[in-house]
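Novice: Output the structure for:
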Amino acid sequence: GYQRMTEMRVLLLLLFACLVFGHPFSVRDNVRMVRVGGPWTTPDGKFVLYTARTWYPETHDTDVSLYRAVAGRPDSGVPIIDCREKRCHVSNVVISPDDSRHALFVQSGAIRMVDIYNGDQQEVAKLPLPVGNLHWTGRTIAFTAEVYPGKSMAETAEIDERKKSTIATGRTFDHLMIRHWDTWFEGKYSHVFVARLDGWRLTASPVDVMPHATGDCPSKPFGGPEEFAIAPNERHVAYSLQTKNEAWSTNHNVYVYTIDTGATDCITEGHTGRDMCPVWAPDSARVAFLSTEIDGYESDLNRVKIFDFASRTTRTLTEGLDRNVGHAMWYDDERLLLKLGDDARYRLFFLDTRTGQTTRVPLDHSVAGYTRLGGDKLALGITSYMHPTEIFEYAPGNGSLVQLTHVNQPLLSRVELSTPEYVRFVGADNEPVQAWLFRPVGFQAGRRYPLVIYIHGGPEGAWKDAWSYRWNPQTIAAAGYAVLAVNFHGSSSFGGAYTRSILKHWGTRPYEDIMKGLAWVTQTHAWIDGQRVGAMGASFGGVMINWLNGHTQGKFKALVCHDGIFDTRDGYYNTEELFFPEAEFGGPPFKTQEFYEKFNPVNHVQNMNTPMLIVQGGRDYRVVESNGVGAFTALQRRGVPSRLLYFPDENHWVLKPENSIQWHDEVLAWFAKYL
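Specialist: Predicted structure coming up:
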């Protein structure tokens, strides 16, 4: 009896500890996180709308519901389109610019209108093709649909239907790209359509503003509604487009379409950089847009330019900013609000269009979405390494910040996370290198812990203070590992020179940063066991994992390579965006073979001896499966412990929740075995 009572006390204590302190965070917690989208605000400043995406592990499906929160009132969110039972999906939300009561959205391919106050819905249009990327200004709406050049939506639907009856499966191609990211080219392009509204009905069939264009707006694979806009006076639509050499060029132009006449004007004619993401000034007389200078170099800094229609002149406003602008929004008649990467965070800056002066908005962590909220306030989506996106209300005048939603707080309150430390060390060229250091969850002084080096892709990406549903260092730290996420030379958000420093230096500066970071962290943190070190990386991070395996005999005990290039020369000929390797190595391999071979992991197979887990997506057309299979073949033939995890239904990323769980289980099992 005494033993049984003792066992019960132990169980109760464990239960109490779990309730009070929670359990270490895991991928199973991450896939259950509700993904908050938005915000969108009513013109009167009364309401903030946001979406919430939930995954249901019991049924393996998802829903996306639309919620309304009262401005200034935390935790006031209520569903106005509740999809939790029906498992429906709300997308492309836009609020009426006039009445503050109605919003348009897309559901099951149709454009619908909802009353924000009572949730009543009306179908606005059920069109022959799926649509997306809604805009709404006054009585004018715009959206996108994929059509064959010169064909209407109805004609495109008819062609697609006829194709279904074709028995032969062969495809022919006469130009690149034949496929992009995870999709084969089928002859259709994403075009912008415009239509007028009368109440909740269209007055006529939507008009294709770029009917014969052999290009996509928005651009693929990641472009969105930010790549076109309706003028406030409803007379014009501005959009960005690339129509030729898309495999080896990044040259986009900004066009302005006049709705009444159908005339089109290219306002960036002759500029060979990438001009994108037009936003109209409130007076409809100016368009601001993002612009790069170097054709073919996708990581060139986006500068903000303004085109004035009266003078037909263009001004560059951010030459002195030295940061890559990702998004711009007019805040008032003379100021833009910019979102950009800065010091490993996504931050907001005000830009005075008269002087070019920028002022940082003093917010911690990273901004996801942002929009105006009546008066001088902003509605923001804010995220960090400690929580997914939640909706906040911010007043720039006095710095007041109010959290309106706590959607994931119930789950976060039950898990333990690692608070990251912002660190710097001396890296290549004796320059400072920034990194994030995560202690293992449940850290105990006096114990020594294994270390995992986190290597990001891009390579011109960065580990930023933002939540991730894929590569989240919290899942590794929670399993008992220290994590060092290094923003090596080439990373974004530290200035143009730092980003460009990786060009023709794949195997030197980033490699040196990683090795110096490893030496620094083990020498300055005695609790890290320098004899138990692993590394993991994806995309360029995967390239670096292959490079490390051929150059660091004995330094690492285990490696994980996710969709990483194994043969740089072969990788050029089977990828889709040729402008990327051409920029990184100074040209195609038949002109600059020296740099392809200088940093080619396949040339060092004879030195590879570290156990390595290789992950490869079957629908990855950026780093095709021959890379993962080739690396696995090389290690197997050499007798090096290796394992191939192959996802036939995933692209460059692992997106499906069930596959993410399997991915993490395999990664953690690999580290547990060798570290």
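
Novice: Return the distance of the residue nearest in space to the middle of the chain relative to G369.
Specialist: Nearest residue to the geometric centre of the chain (CA atoms, centre = their mean): F222, 7.9 Å. According to CB to CB, to the nearest Å, F222 and G369 sit 16 Å apart. Every C-beta, even on glycine, is put in place using the N, C-alpha and C of the backbone.

Novice: Can you report how many residues neighbour E123?
Specialist: Using other CB atoms under 10 Å, E123 has 12 other residues around it.

Novice: Confirm that it sits in a strand.
Specialist: Yes - counting by DSSP: H, G, I helix; E, B strand; the rest coil, E123 falls inside a strand.

Novice: from what I can see it touches Q107, true?
Specialist: No - assessed by CB atoms under 8 Å, E123 is found out of contact with Q107, at 9.3 Å.

Novice: quick one: low-confidence parts of the stretch 151-300 of the chain?
Specialist: The stretch 151-300 of the chain contains no residues with pLDDT under 70.

Novice: all helices for it, in order.
Specialist: Assigned by DSSP state H, counting those that start in this stretch, the stretch 151-300 of the chain shows helices spanning 153-163.

Novice: Show me which positions of stretch 271-290 end up buried.
Specialist: By 16 or more other CB atoms under 10 Å, the buried positions in stretch 271-290 come out as 271, 273-281, 286-290.

Novice: and that stretch, how far from the chain's centre?
Specialist: Between the centre of stretch 271-290 and the centre of its chain there are 22 Å (CA atoms, centre = their mean, to the nearest Å).

Novice: for stretch 40-49, same thing?
Specialist: 26 Å.

Novice: Quick one: mean pLDDT for it?
Specialist: On average, the pLDDT along stretch 40-49 is 97.

Novice: How far does it stretch from one end to the other?
Specialist: End-to-end span of stretch 40-49 (CA to CA, to the nearest Å): 5 Å.

Novice: residues of it that come out buried?
Specialist: Within stretch 40-49, the residues scored as buried using 16+ other CB under 10 Å are 40-42, 45-49.

Novice: Mark which of those residues are part of strands, please.
Specialist: Using DSSP state E, the subset of the buried residues of stretch 40-49 located in strands is 40-41, 47-49.

Novice: which among those residues gets closest to L380?
Specialist: V48 (9.8 Å; CB to CB).

Novice: for the record, mean pLDDT for stretch 656-675?
Specialist: Here the average pLDDT along stretch 656-675 is 98.

Novice: Go ahead and name everything in contact with that stretch.
Specialist: By CB atoms under 8 Å, 6 or more residues apart in numbering, the residues outside stretch 656-675 that reach it are 26-28, 30-31, 55, 57, 60, 450, 452, 469-470, 475-476, 479, 481, 532-534, 536, 557-558, 560, 611, 613, 615, 641, 643, 645, 647, 649-650, 654.

Novice: again, only using 7 Å
Specialist: Under the criterion CB atoms under 7 Å, 6 or more residues apart in numbering, residues 27-28, 31, 55, 60, 450, 452, 475, 479, 481, 532, 534, 536, 557-558, 560, 611, 613, 615, 643, 645, 647, 650, 654 lie in contact with stretch 656-675.

Novice: now swap in stretch 337-357 and tell me
Specialist: Residues outside stretch 337-357 that contact it (CB under 7 Å, 6+ apart) are 304, 306, 317-318, 323-329, 331, 334-336, 358-361, 363, 365-367, 370, 434, 462-466, 487, 492-494.

Novice: and those residues, which are buried?
Specialist: 304, 306, 317-318, 323-325, 327-329, 331, 335-336, 358, 361, 363, 365-367, 370, 434, 462-466, 487, 492-494.

Novice: Just those residues: which are in strands?
Specialist: The strands, defined by DSSP E, take in 304, 306, 325, 327-329, 335-336, 358, 366-367, 370, 434, 487 from the buried ones among the contacts of stretch 337-357.

Novice: all strands in the stretch 401-550 of the chain, in order from the N-terminus.
Specialist: Counting by DSSP state E, counting those that start in this stretch, the stretch 401-550 of the chain has these strands, from start to end: 415-416, 421-426, 432-438, 449-455, 482-487, 528-538.
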